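S.K.: Sequence and predicted structure, then a few things I'm wondering about:
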Amino acid sequence: MKIILTADVGSTFTKLTAVDMETKKIIGTAKSFTTIETNVMEGYGKAMAELEAQCGKLVFDKKVAASSAAGGLKMIAVGLVPDLTVQAARMATANAGAKIMKTFSYELSRDELDEIVSLAPDMILLSGGTDGGNKDVILHNARLLADSPLTCSIVVAGNKSAKDDLQGILKNFGGEVLFCANVMPELNQLNIEPAKKAIRDLFIKNIISAKGLSELQATLASEIIPTPLAVFEAASLLSKGTKSSPGLGELVVFDVGGATTDVYSMAEGLPTRANVFLHGFRHPFAKRTVEGDLGMRYSLRPLAEAIGVDNIACLLDIDEREVEAWISTCSANPEILPEAKSLAKRIDEAMARAAVKISMERHVGSVEAVFTSTGQSFAQTGKDLSEVRYLIGTGGPIIHAADPDYVLKAAVYEPSDMNLLKPLAPKTLVDKKYILSAMGTLSRIEPETALAIMKEEIPVE
Amino acid sequence: MTQKVIILGVIGADVHAVGNKILAFAFEQAGFKVVNLGVMVNQKEFIDAAIETNADAIAVSSLYGHGEIDCRGLREKCQEAGLNNIKLYAGGNLVVGKADFSEVERTFKDMGFNRVYPPGTPPETTIADMKADLV
């Protein structure tokens, strides 16, 4: 029997999944608290003991892992114009599986630099200027970073004409600097893959050991990747399929967590309605956005502010104070889980629905009516997701909801929001066993098996 | 010598694409680096593009008669964005009806445009001016 182990060292739990490669089935899962403060191998060992208690003694052919421990990959993106290189840098950062702490545009001020220093990112993506375009701003920003006490890694993906000067400026920077191709070489033309790869390379080289994962890494068949990147790759594989097995086609995955809500859309996103033309740059087929202010525990307060406590109370026909009380309880005690069928459970579910709704509104493209000499037409920015076939939910708040379909349907098109290009009639699916990140990790070495298991565990019928 | 960069586009809700493509081709042939934003471009998009590409000039076309309204304030916004030395060109049917072109030209120069062109101007005329202004 050939068995592969996938490990996900999360912020709270370390989850292990054992996969039998011959039958293409999951033979066991186990979890234990992540022990980043002492040694991550402790929690890993406990989870392993539990796994072996279930399955008996296991001999693994290969082991692979993803990690979001110790805050995941915390990044800051710096660009020039907010709608252009800043957005391109943000997309590259999100698609690389990072948690975006903040983005900055134009010339950084001293105050902004101080803010970056105090945010203490793991990595900075520095961009600005198209190739041959503006050099002054990226040079200014590099000088400030070079003189700062920062020791994080920097990926430089800006104007190629500034590269020689930048190399000189950043020579004495306290951390590692990696240069790659511009995220926007020509105006309105995205090129995020090289930056994504550079971020991954630096993550492997510097961040894994900084997060205390070296000992685990030494036991693995491939490099540890950020957990959101694993989910990204699982979603991409499930959508596109492999050479021998078809995928599900266009889909959107929602991962509602304690600190963030992540949205992954796998869709072309070109206009589907009549009289619509695409404005600005084309967004990538595979796109991730991460909302740091929409989470079910650590960021429940900003989520409540975004949706309105009064709206939640009104929806559930309860008093606002009851909603407030639950938010306070969660903020004070992020590990808490609501009892089945309790009021807290209903509030949690309404909040999860709100997180899905707002994160989709920020992810999806929109149209704006314009009146021309030849009649009305529409300018589309971002991705048209009207024809997306599946909405897939993962993360505790969706998986454990009494009605996951209700939570996910918050992402569906509404006539009252006719300018948002949300899916018109998608089917909802739930990652009940929470396997997406494990299968994304597995897909790096065994894509066929990972796809087969996803199709079985997340059935469309 | 580095190539001079020109931001080109049809401003406002104007969808006249043919002239825009001809101009892009002509300016490129003349040796300029053309960043063509196409049709229905608003002022912010012209300015954002000019900042990011470090452009030397913005060339605005307008065929549908609302050019004066659409172009008003572009120079001020350029100054606000730090584009102090950028040249602004405008051409096409800039106003409704058969207005005297010298009046139209004065209006646009008062709005901060460096050069203004009447309908039917051959690209060569504009190219010669651009070479004189930029190269």
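M.R.: Done, it's in.
S.K.: Any idea how many residues pack against A:Ser118?
M.R.: The local packing of A:Ser118 (other C-beta atoms under 10 Å in any protein chain shown) involves 7 other residues. Every C-beta, even on glycine, is put in place using the N, C-alpha and C of the backbone.
S.K.: what does the one 4 residues further on give?
M.R.: Other residues near A:Asp122 come to 25 when the count uses other C-beta under 10 Å.
S.K.: For it, which non-adjacent residue is spatially closest?
M.R.: Using C-beta to C-beta, 6 or more residues apart in numbering or on different chains and skipping the chain neighbours, the partner closest in space to A:Asp122 is A:Lys74 (4.8 Å).
S.K.: what are the phi and psi angles of the one you found?
M.R.: Main-chain torsions, A:Lys74, degrees, to the nearest 10: phi -90, psi 120.
S.K.: same check, this time on B:Val5
M.R.: The phi/psi pair for B:Val5 (degrees, to the nearest 10) is phi -100, psi 130.
S.K.: these two touch, right, it and B:Phe32?
M.R.: Yes. The criterion here is C-beta atoms under 8 Å, and B:Val5 meets it with B:Phe32 at 7.3 Å.
S.K.: which residues sit in contact with A:Ile154?
M.R.: Contact analysis of A:Ile154 by C-beta atoms under 8 Å, 6 or more residues apart in numbering or on different chains lists A:123-126, A:145, A:170, A:173, A:175-178.
S.K.: Same list, the residues you listed, but as a markdown table with neighbour count please.
M.R.: A markdown table is the format used below for the contacts of A:Ile154 (neighbours: other C-beta atoms under 10 Å in any protein chain shown):
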| residue | neighbour count |
| --- | --- |
| A:Met123 | 25 |
| A:Ile124 | 25 |
| A:Leu125 | 32 |
| A:Leu126 | 24 |
| A:Leu145 | 25 |
| A:Leu170 | 18 |
| A:Phe173 | 18 |
| A:Gly175 | 16 |
| A:Glu176 | 14 |
| A:Val177 | 21 |
| A:Leu178 | 18 |
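S.K.: Of these, which belong to helices?
M.R.: In helices, judged by DSSP state H, the following of the contacts of A:Ile154 are found: A:Leu145.
S.K.: The contacts of A:Ile154 in strands, which ones?
M.R.: Of the contacts of A:Ile154, the ones assigned to strands by DSSP state E are A:123-126, A:177-178.
S.K.: just those now: which is nearest chain B?
M.R.: A:Leu126 (14.9 Å; C-beta to the nearest C-beta).
S.K.: any idea how far A:Leu294 is from the residue nearest to A:Asp122?
M.R.: 17 Å (C-beta to C-beta, to the nearest Å).
S.K.: Between those two, tell me which one has more neighbours.
M.R.: Taking other C-beta under 10 Å, A:Lys74 and A:Leu294 do not tie; A:Leu294 has more neighbours (28 against 17).
S.K.: How about stretch A:425-445, which residues are buried there?
M.R.: Of the residues in stretch A:425-445, A:426-431, A:434-444 count as buried by neighbour count, 16 or more other C-beta atoms under 10 Å in any protein chain shown.
S.K.: Would you mind marking which of those are also close to chain B?
M.R.: Near chain B, taking C-beta under 8 Å from any C-beta of the partner chain as the test, no member of the buried residues of stretch A:425-445 is found.
S.K.: In helices, which of these fall?
M.R.: Of the buried residues of stretch A:425-445, the ones assigned to helices by DSSP H are A:436-442.
S.K.: Make sure B:Asn36 is actually in contact with B:Ala24.
M.R.: Yes. Counting by C-beta under 8 Å, B:Asn36 does reach B:Ala24; the two are 4.4 Å apart.
S.K.: Quick check: neighbours shared by the two?
M.R.: What both B:Asn36 and B:Ala24 touch, as defined by C-beta under 8 Å, 6+ apart, is the set B:Leu8.
S.K.: and chain B, which residues reach chain A?
M.R.: Counting by C-beta under 8 Å from any C-beta, chain B sits next to chain A at B:2-3, B:5, B:13-15, B:33, B:35, B:37, B:40, B:44-45, B:48-49, B:51-55, B:64.
S.K.: Filter those residues down to the buried ones and hand me the ChimeraX line.
M.R.: Entered in ChimeraX, the line below selects the buried ones among these, by 16+ other C-beta under 10 Å:
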select /B:5,13,14,15,33,35,37,40,45,48,49,51,52,53,54,55,64
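S.K.: quick one, strands of the stretch 251-400 of chain A?
M.R.: Ranges of strands in the stretch 251-400 of chain A, per DSSP state E, counting those that start in this stretch, are A:251-256, A:261-266, A:276-278, A:286-291, A:366-372, A:375-381, A:390-394.
S.K.: show me what contacts B:Ala59?
M.R.: B:Ala59 makes contact with B:6-9, B:23, B:27, B:89-91, B:126, according to C-beta under 8 Å, 6+ apart.
S.K.: and it, helix, strand or coil?
M.R.: Here B:Ala59 is strand, with the state taken from DSSP: H, G, I helix; E, B strand; the rest coil.
S.K.: who touches the residue lying closest to it once chain neighbours are set aside in this structure?
M.R.: Nearest non-adjacent residue to B:Ala59, counting by C-beta to C-beta, 6+ apart: B:Tyr89, 4.3 Å away. Contacts for B:Tyr89 (C-beta under 8 Å, 6+ apart) come out as B:57-60, B:113-117, B:126, B:129-130.
S.K.: Bridging across strands, which residues link to B:Tyr89?
M.R.: B:Ala59, B:Arg115 (DSSP bridges).
S.K.: about what we covered before: right, and out of the ones in strands among the contacts of A:Ile154, which lies closest to A:Leu385?
M.R.: A:Leu125 (25.9 Å; C-beta to C-beta).
S.K.: picking that back up, let me know which of the strands of the stretch 251-400 of chain A is the nearest to chain B.
M.R.: strand A:366-372 (4.8 Å).
S.K.: So for that closest one, what gets flagged as buried?
M.R.: So for strand A:366-372, counting by 16+ other C-beta under 10 Å, buried means A:366-367, A:370, A:372.
S.K.: CSV for these, including distance to chain B?
M.R.: Below are those laid out as CSV (distance: C-beta to the nearest C-beta, whole Å):
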residue, distance to chain B
A:Ser366, 16
A:Val367, 13
A:Val370, 5
A:Thr372, 5
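S.K.: where do the strands sit along chain B?
M.R.: B:5-10, B:33-36, B:57-62, B:87-92, B:115-117.
S.K.: Can you check what pLDDT the model gives the nearest residue to A:Gly10 once chain neighbours are set aside?
M.R.: With sequence-adjacent residues excluded and distances taken as C-beta to C-beta, 6+ apart, A:Gly10 is closest to A:Ser68, at 5.5 Å. Confidence at A:Ser68, expressed as pLDDT, is 90.
S.K.: How about the contacts made by A:Ser68?
M.R.: Here A:Ser68 is in contact with A:8-11, A:226-228 (criterion: C-beta under 8 Å, 6+ apart).
S.K.: Report the lowest-confidence entry in the residues you listed.
M.R.: For those, the pLDDT minimum is A:Ser11, 78.
S.K.: Now the residue lying closest to that residue once chain neighbours are set aside, what are its backbone angles?
M.R.: Counting by C-beta to C-beta, 6+ apart, A:Ser11 lies nearest to A:Ser68, which is 5.6 Å off, once chain neighbours are set aside. With angles defined as degrees, to the nearest 10, A:Ser68 sits at phi -130, psi 20.
S.K.: quick one: A:Ser68 and chain B, what's the gap?
M.R.: 33 Å (C-beta to the nearest C-beta, to the nearest Å).
S.K.: which intervals of the chain have sub-threshold pLDDT?
M.R.: Since you didn't name a chain, this refers to chain A. Scanning chain A for pLDDT under 70 picks out no residues.
S.K.: The chain in question should be chain B.
M.R.: In chain B, residues with pLDDT under 70: B:1.
S.K.: domains of chain A?
M.R.: Domains of chain A are assigned by automatic domain parsing as A:3-70+A:209-226+A:437-446+A:449-456, A:74-207, A:251-431.
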